[in-house]
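J.: Fold the following for me, if possible:
(2 chains)
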2 protein chains.
Amino acid sequence: MPLRAGAAPVTGRIAPRSGTALRLARGDILTVIDPQGGQVSDLVAVAASDPGEIISNGRTFDYEETVRLTTGSRLWSNRSRVMLTVIADTAPAHDFLLTPCSPATFRHFYPDKPVHRGCFGNLAEALGPHGVTPDMIPCAFNIFMNVTLAPDGKLAVLPPETRAGDFIKLRAEMDLVIGLTACSAYASNGGSFKPIDFAVERAG
Amino acid sequence: MPLRAGAAPVTGRIAPRSGTALRLARGDILTVIDPQGGQVSDLVAVAASDPGEIISNGRTFDYEETVRLTTGSRLWSNRSRVMLTVIADTAPAHDFLLTPCSPATFRHFYPDKPVHRGCFGNLAEALGPHGVTPDMIPCAFNIFMNVTLAPDGKLAVLPPETRAGDFIKLRAEMDLVIGLTACSAYASNGGSFKPIDFAVERAG
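T.: Here you go, the predicted model:
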């Protein structure tokens, strides 16, 4: 169930290959935890006041001037406003280059395996009631995802190097709806589907 | 004026700091030329049949497995379909990480200079009649743009290394509307605003 801003502190577990939506008020702190290590969580942030304002990898790369985001980095919207600030981070890496796994990416990368709706389908279901259509789902901020970038530009998706208990803490800089998943793809979590834990500390 | 698919071969010039829209039928070939060298052209592709289907840097990075796109690379939509294939390319580099320059980026990066609507405003005007709202404008494929990526992930925008006459040729793999600009930002074109030339060879 989506959570409401202003409620008591909340913790939760996202089951493997699923997703959820939660509301953050400005100042709330979201912690995303990899409870077992080696799992990815796709995060999409949307302005609570208007789902047309949504997280943007390109605007974030513009203003942060890096593709490697960690403590101190800000995540920006398509309207050039700061949505979230990373205030703590124990993970070796996150990715903001790639899109959520989807039926099309399953067919492309895993032709011999069953097709799954993936993080894309889980985000679409979680964010649909908040006004986000599937076409609006952008590149997610792929928490804990281990994407290497070679000097020639080649990308490779490797198993996450997170250990059990690694986490990232993000402060909401505006009222937000967050879509958050426990990733469904084989490559991004080393082939073992795992849960993701989260906690919300309320500002008010 | 937007061009119509099926018309005679077309060539045109985009004035400095402006943009245009043009239609491509499947099989048409678009050549984008840097007539003086050292200029950038932002390209946004939209499915002619439905503006909800739009070019996606993340889907392109997913399927091409590189951030460096050149001859043979395909540019993909948010619905995981190929929109364009690069069939020839004389330029040293293109960028697909950063968003179009906009009033917000002018205020951020050039606080002492006049604010310009930038490629973002020019794309919004060119694509608006085709059903693309400003919030829908994604990372553009930034033709000729010279963005360096350091091993630690740091990004830097340097003047393009194109010489006069450098070009890229793209084949439309579906019926498209293309938004195309002559870039308005200082850093991306070395501070000298220049035109962009284009040519369309019709398939039919």
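
J.: For stretch A:187-200, which residues meet the burial criterion?
T.: Using 16 or more other C-beta atoms under 10 Å in any protein chain shown as the test for burial, stretch A:187-200 gives A:A187, A:S188, A:N189, A:G190, A:F193, A:K194, A:P195, A:I196, A:D197, A:F198, A:V200. C-beta: built from backbone N, CA, C; applies to glycine.

J.: In CSV: these, plus distance to chain B.
T.: Listed next are the buried residues of stretch A:187-200 as CSV, based on distance: C-beta to the nearest C-beta, whole Å:
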residue, distance to chain B
A:A187, 11
A:S188, 11
A:N189, 16
A:G190, 18
A:F193, 19
A:K194, 22
A:P195, 24
A:I196, 20
A:D197, 26
A:F198, 23
A:V200, 27
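
J.: mind listing which of the residues you listed are in strands?
T.: Among the buried residues of stretch A:187-200, the members falling in strands (DSSP state E) are A:I196, A:D197, A:F198, A:V200.

J.: Could you list the residues of chain A in contact with chain B?
T.: A:52-54, A:56-59, A:61-63, A:65-68, A:78-80, A:97-99, A:102, A:104-105, A:108, A:133, A:135-139, A:149, A:151-156 (C-beta under 8 Å from any C-beta of the partner chain).

J.: now the helices for chain A?
T.: A:57-64, A:103-109, A:118-127 (DSSP state H).

J.: just checking, what packs against the last one?
T.: Using 3 or more C-beta pairs under 8 Å, 6 or more residues apart in numbering or on different chains; DSSP states H and E as the contact criterion, the elements in contact with helix A:118-127 are strand A:19-24, strand A:41-47, helix A:103-109, strand A:176-181.

J.: Which strands border the last one, and is each parallel or antiparallel?
T.: Right, strand A:176-181. Strand A:176-181 pairs in its sheet with strand A:19-24 (antiparallel), strand A:41-47 (antiparallel), by DSSP bridges.

J.: Contacts for the shortest one, please.
T.: Going back to what we said before, that points to strand A:19-24. A:2-5, A:10, A:12, A:14, A:30, A:42, A:48, A:119, A:122-123, A:125-127, A:129-130, A:172, A:175-182, A:198, A:200 (C-beta atoms under 8 Å, 6 or more residues apart in numbering or on different chains).

J.: ok, now which ones touch the closest residue to A:A21 other than its chain neighbours?
T.: Nearest residue to A:A21 in three dimensions, chain neighbours excluded: A:A126, at 4.0 Å (C-beta to C-beta, 6 or more residues apart in numbering or on different chains). Counting by C-beta under 8 Å, 6+ apart, A:A126 makes contact with A:P2, A:G19, A:T20, A:A21, A:G179, A:L180, A:T181.

J.: which residues sit in contact with the residue lying closest to the second one once chain neighbours are set aside?
T.: Counting by C-beta to C-beta, 6+ apart, the nearest residue to A:G19 once its immediate chain neighbours are dropped is A:N122, at 3.1 Å. With C-beta under 8 Å, 6+ apart as the criterion, the residues that contact A:N122 are A:R17, A:S18, A:G19, A:G179, A:T181, A:S184.

J.: Quick check: bridge partners of the residue nearest to the spatial centre of chain A?
T.: Most central in chain A under C-alpha atoms, centre = their mean is A:L43, positioned 1.8 Å from the mean C-alpha point. On the basis of DSSP bridges, A:L43 is bridged to A:F141, A:L180.

J.: can you check A:L176 too?
T.: Here A:L176, judged by DSSP bridges, has bridge partners A:L24, A:A47.

J.: any weak-confidence spans in chain A?
T.: Chain A contains residues with pLDDT under 70 at A:1-9.

J.: got a list of what the closest residue to A:F96 other than its chain neighbours touches?
T.: Spatially, and ignoring its direct neighbours in sequence, A:F96 is nearest to A:N57 (4.5 Å; C-beta to C-beta, 6+ apart). Contacts for A:N57 (C-beta under 8 Å, 6+ apart) come out as A:F96, A:L97, A:P138, A:C139, A:F141, B:N57, B:G58, B:L97, B:C139.

J.: got it, and A:C119?
T.: Contacts of A:C119 by C-beta under 8 Å, 6+ apart are A:G19, A:D42, A:P100, A:C101, A:S102, A:A140, A:T181, A:C183, A:S184, A:A185.

J.: so the fifth one makes contact with A:R117?
T.: I take that to be A:S102. Yes: if you go by C-beta atoms under 8 Å, A:S102 and A:R117 touch, sitting 7.2 Å apart.

J.: Serialize the contacts of A:A126 to JSON lines and add fields for distance to A:T90 and neighbour count.
T.: Shown next, in JSON lines, are the contacts of A:A126 (distance: C-beta to C-beta, whole Å; neighbours: other C-beta atoms under 10 Å in any protein chain shown):
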{"residue": "A:P2", "distance to A:T90": "27", "neighbour count": "13"}
{"residue": "A:G19", "distance to A:T90": "23", "neighbour count": "28"}
{"residue": "A:T20", "distance to A:T90": "22", "neighbour count": "22"}
{"residue": "A:A21", "distance to A:T90": "25", "neighbour count": "22"}
{"residue": "A:G179", "distance to A:T90": "23", "neighbour count": "28"}
{"residue": "A:L180", "distance to A:T90": "18", "neighbour count": "27"}
{"residue": "A:T181", "distance to A:T90": "20", "neighbour count": "29"}
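
J.: just curious, which of those is nearest to A:D89?
T.: Checking these against A:D89 by C-beta to C-beta gives A:L180 as the nearest, at 16.1 Å.

J.: Surely the closest one and A:S18 touch.
T.: No: using C-beta under 8 Å, A:L180 makes no contact with A:S18, being 10.0 Å away.

J.: quick one on the thing from earlier: gap between the residue nearest to A:A21 and A:G118?
T.: 13 Å (C-beta to C-beta, to the nearest Å).

J.: Go ahead and confirm A:D135 touches B:S77.
T.: No: counting by C-beta under 8 Å, A:D135 stays clear of B:S77, with 9.4 Å between them.
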